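give me coordinates for this.
(chains A, B and C)
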Amino acid sequence: MKITDETIDHLSHLARLEFNGDQKERIKTDLTKIIDFVDQLSSVNTDGVEPLIFMTETENVLRDDVDVVTISQTEALKNAPVHDTDYFKIPTVLKK
Amino acid sequence: MAITEEIRAKYKPVIGLEIHAQMLTRSKAYSNDKNEYGSAPNTNVSVITLGHPGTLPRMNRKTIDFAIRMGIACDCKISELQHFARKNYFYPDLPKGYQITQDTTPICTGGSVLIKDENGNEKRVGLTRIHMEEDAGKSIHDIDPFNTLIDLNRAGVPLIEIVSEPDITSSQQAYNYVTEVRKLVRYLDICDGNMEEGSLRCDANISVMLKDAKEFGVKVEVKNMNSMRNVQRAIEYEIERQIEAIEKGEKLVQETRNFNALNGTTTAMRSKEAANDYRYFPEPDLQPIRVTQQHVQKIREAMPPLPNFLHTKYTTELGLSEYDAGVITDQKEIALYFEEIIRYTKNYKAAANWVMGDIKSHLNAKALDITELKLSPNHVAELISLIDSGKLSHSLASQKVFPEMLKADESPLKIAESNNWIQTSDEGEIKKLIAAVIAENPSEIARYRAGETKLMGFIMGQLMKKSAGKADPKSAGKLLTEMLSEN
Amino acid sequence: MYHSFDEIKAALDHGTSVESITKHYLKRIDEKKHLNAFLEVFADSALAQAKRVDEKLKNNTAGRLAGVVIGLKDNLAYKDHKVSASSKILEGFVSLYTATAVERLIAEDAVIIGRLNCDEFAMGSSNENSAFGNVLNPHNEKMVPGGSSGGSAVAVAAGLCTASLGTDTGGSIRQPASFTGTIGFKPTYGRVSRYGLLAYASSFDQIGPFANTVKDVALLTEIMAGKDEFDSTLLQEDSKNFLPAFDTTRKLKIAYIKDCIESEGIDPEIRSRIFEIIEKLRSLGHTVNAVDFPYLNQMIPTYYVLTTAEASSNYARYDGVHYGYHSSNAEGVEDTYKKSRSEGFGEEVKRRIMLGTFVLSHGYYDAYYTKGQKVRRVIQNKTKEILTNHDFIILPTTPTTAFEIGANVADPITMYLQDIFTVQANLSGNPAISLPLGNHSNGLPFGIQAMGKHFDEAGLLSFSDYLMSNCK
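Now for the predicted structure:
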């Protein structure tokens, strides 16, 4: 099937990725090839077959409603690229 | 807005509401960190809530039971076999980049909520579904001008989403519906229904159509209505906006709009936010849930009585007025307190009056909830029977005995006896008092005997004062009239 | 070099300390650092662990893995240690918790010596997709070790640790085991907890061991396996002994997949070696049948449709906000996401995220994702059918021996086809193992694969032990 620039733009927005110039051409080519490749799926007859969703048959794997403290505020923020003592931070667009 | 009543009457609003209710569980939906409002930021979190690499969700069984309670209360069909789904989108307060929710297998389908319409008539609002999901964290935009701050305490808090059918046709009905749902979740002890704190949130889908039209109008979603009054205002505004646009020949756009509480209007949100493909697919990290009939039955049996059930009982069996039944059932704890009182007395109207009057005033004055009231219901019942038997006047009961009862939860009979407030119908006693009143008020007595019968009120009042409220008014009045007519 | 846990035990019995065993490995890792197997060596914490285990040995309170030194694939969480999935997007990230499987090994007194290079986010078949350089095959350093668990395989093959952990989503343990002459085992899906495994494809991923003997592989699996409150997808049963003695009086029924062995991509020496093994098994009294498996060509497409869909969702958490790489020239939320992710992820990861996003997107979900799930069930049903009538399936692990570094990078699909014999076990969830039963005339080893029934680790591992003893 034909993968257009629009398709790439739409998918990359959904995935929050950006492809510029050459990269966009390459991903377009790669994706076209790969999608053609996976189209082989349609050759298998799946009439009356239910989709396989769960790989084990257990049901009702549930936990009791008990609260526990496992990490501190400091630990929670430790790996964040931008943070202060209390919050995760994202730099906003500077309003002009 | 230049919409006349005439123009308005041509259209029928079509409204559906989606209500998100935070569940009153101790821990979160898919992890065991604390579910608590108001804690210091990012202190009620775990690696699972933070979406750290390699973490997996763990389902809280309480959320399921709470959702089933709501389903039972609304007469929904409870799904037997269900699973979870991922709703994929990017937002700073959504650490995993997806929300674990239910897509194709909601825990409840169908059912309804009974409300009153704008004319006071009963109306059933159908429910499409109720499903379980998790809340996102909080993005704070207005503390730091250069950064958005994120607090993930709320991320993972269990929610149920209640989706109504588009059966609502006015902003008043919408208000009543949200009120009723709020009352229900509070009765069921599954949610505290606090819209200001965000534990109950409401989005609306609104369209209008000409009354004889075959097709629905363009549907607009409105968000950010953080009180019941604002739900009503927003819907009212939106209905008028849509009608005005159609009347002007403008095309309405299917969009999401924000309600602005300051000026009561709705404004369009940026379109990109609305154009999201959530790519739902079954959540592979959580196994399916099977809800058996026995389990539903167990929950049904343990459920508290519901407001509509109690309301009907009060109006049909106990003979209370609609108004009284409404006030008492408004809050479950009040209804339960009332239920206790009427175990000890059959004077239901008096019990209702005490609850709605003196007790409620006291609670309001002291900013107490009824659960904090240290007054045994059986003592209230005792007070009522003292009044009914003539042993205590209502005014003494209310002004003197009741306050004492509030101080130390003592038997009203004991309080009245030890303070000598028990009314007397003893003729001898009363006659003495009457004689004293006659002696002390010669001119009024003379005028009364001369024909000014309306002075009876004054004379009776003097008698009551003299008796310090202890004279039983009925017998006192009879004797007074007798003695005054003697000469 | 310590070839097995038995050899370690013998050394301990002779008075060698765990500390000196650990130091031995640290030295060896340093000597072989050009292989680029280890991304980071946990020298300090490993030596501290070793000292503690030595104390416990003195008190006779040491666990079953005392003296054993293990490397972790760089997609397994280990508290207070970095984990990066060999990706720039997690560079510097320190885990706040330990994966259950790893915790269970540590509870038996294993020493964790470092984190091992792999294809970025476990996506690859050659370890050429790591953000931190290729891993070299110790048998021939011009060749790839296989992937995605390239570092884990090389660590065992080159004697850099006693055993290692890898993960297998489409063959990522078995394929590198084949290329490096080691044993690599993928347990049944649902046998070992995935808590702490940086998810690639949630319904395919499994943690598994690399070692030089079946006995060691069985012990490691037994210790890691069993129900875990942190992973809801597991079989809700405790672990048990996975290496009962093989009953030599028992006559097995074994299947081999005709379509695999007769496929044209397969190296003739690999093909003839399998036939050799088949003949040996027959001579031992077992029945070996050829069976059909008509879905060989659809397995890789099915695998890619489903795994990339799950991956595209699993990787959404790498957003430059809560942890991990953050692009310094981004302004605002959207820009932070796009730049951080585009700069932090490598090419292959981005390709698969795009495919996965496509597969789940509106308008394509039914034709690709749902269809993929249906084909998966067809594949699972057929595999179950074969194993209802047979005890095990044998097939090649890889179509060839290790290929040259750079040979397959031009075309993603050529690389994808490397997994043609391994993805079946991931699609249907069965346990599968690669055993180093082959030696090619080109000087490189290759593996032969055996697959067993769901949750029959004991049967499959006993059979593997039997094969290793009888088919040398």
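
for residue B:301, give its distance to residue A:61.
25 Å (CB to CB, to the nearest Å). Backbone N, C-alpha and C define where each C-beta goes, glycine included.

which of the two has more neighbours?
More neighbours surround residue A:61 than the other of residue B:301 and residue A:61, with 20 against 7 (other CB atoms under 10 Å in any protein chain shown).

assign the closest residue to the more buried one other than its chain neighbours to helix, strand or coil.
Closest residue to residue A:61 apart from its sequence neighbours, by CB to CB, 6 or more residues apart in numbering or on different chains: residue C:232 at 4.0 Å. Here residue C:232 takes the coil state, with states given by DSSP: H, G, I helix; E, B strand; the rest coil.

look at residue C:232 and say how many residues are nearby.
Around residue C:232 there are 25 residues (other CB under 10 Å).

need phi/psi at it.
phi -80, psi -10 (degrees, to the nearest 10).

ok, and residue B:180, which helix or strand is that part of?
helix B:171-187 (DSSP states H and E).

so which elements touch the helix or strand following that helix?
Once the chain leaves helix B:171-187, the next helix or strand it forms, by DSSP H and E, is strand B:200-210. Secondary-structure packing of strand B:200-210 (3 or more CB pairs under 8 Å, 6 or more residues apart in numbering or on different chains; DSSP states H and E): strand B:11-22, helix B:171-187, strand B:220-225, helix B:228-247.

quick one on the thing from earlier: the helix holding residue B:180 to strand B:11-22, inter-axis angle?
20 degrees (axes from the mean of the first three to the mean of the last three CA atoms, to 10 degrees).

show me how far helix B:171-187 is from its chain's centre.
Distance, stretch centre to chain centre, for helix B:171-187: 7 Å (CA atoms, centre = their mean, to the nearest Å).

next one: stretch B:337-347
When distances are taken as CA atoms, centre = their mean, stretch B:337-347 is centred 22 Å away from the chain's centroid.

hmm, who's touching that stretch?
B:305, B:310, B:318, B:328, B:348, B:351-352, B:354-355, B:359, B:370, B:373, B:377-378, B:380-382, B:384-385, B:388 (CB atoms under 8 Å, 6 or more residues apart in numbering or on different chains).

just the buried ones from these, in ChimeraX syntax?
Buried residues within the contacts of stretch B:337-347, by 16 or more other CB atoms under 10 Å in any protein chain shown, are selected in ChimeraX with:
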select /B:310,318,328,348,351,352,354,355,359,370,373,377,380,381,382,384,385
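
remind me which residues of chain A are low pLDDT?
Chain A contains residues with pLDDT under 70 at A:93-96.

and the helices in it?
Ranges of helices within chain A are A:5-14, A:22-38, A:73-78, based on DSSP state H.

buried residues in the shortest one?
The one in question is helix A:73-78. Here helix A:73-78 shows A:73, A:76-77 as buried, counting by 16+ other CB under 10 Å.

which parts of the stretch 1-150 of chain B are helices?
With DSSP state H, counting those that start in this stretch, the ranges of helices along the stretch 1-150 of chain B come out as B:5-10, B:61-73.

closest one to chain A among the ones you listed?
helix B:61-73 (3.8 Å; CB to the nearest CB).

is that closest one positioned near chain A?
Yes - Helix B:61-73 is in contact with chain A by CB under 8 Å from any CB of the partner chain, via B:61-62, B:64.

can you redo the helices of the stretch 1-150 of chain B as CSV with distance to residue C:453?
Output for those, formatted as CSV (distance: least, CB to CB, whole Å):
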stretch, distance to residue C:453
helix B:5-10, 70
helix B:61-73, 32
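
distance of residue B:203 from chain C?
To chain C, residue B:203 is 21 Å away according to CB to the nearest CB, to the nearest Å.

next one: residue B:15
Taking CB to the nearest CB as the measure, residue B:15 falls 27 Å from chain C.

correct me, but that residue touches residue B:206?
Yes - if you go by CB atoms under 8 Å, residue B:15 and residue B:206 touch, sitting 5.2 Å apart.
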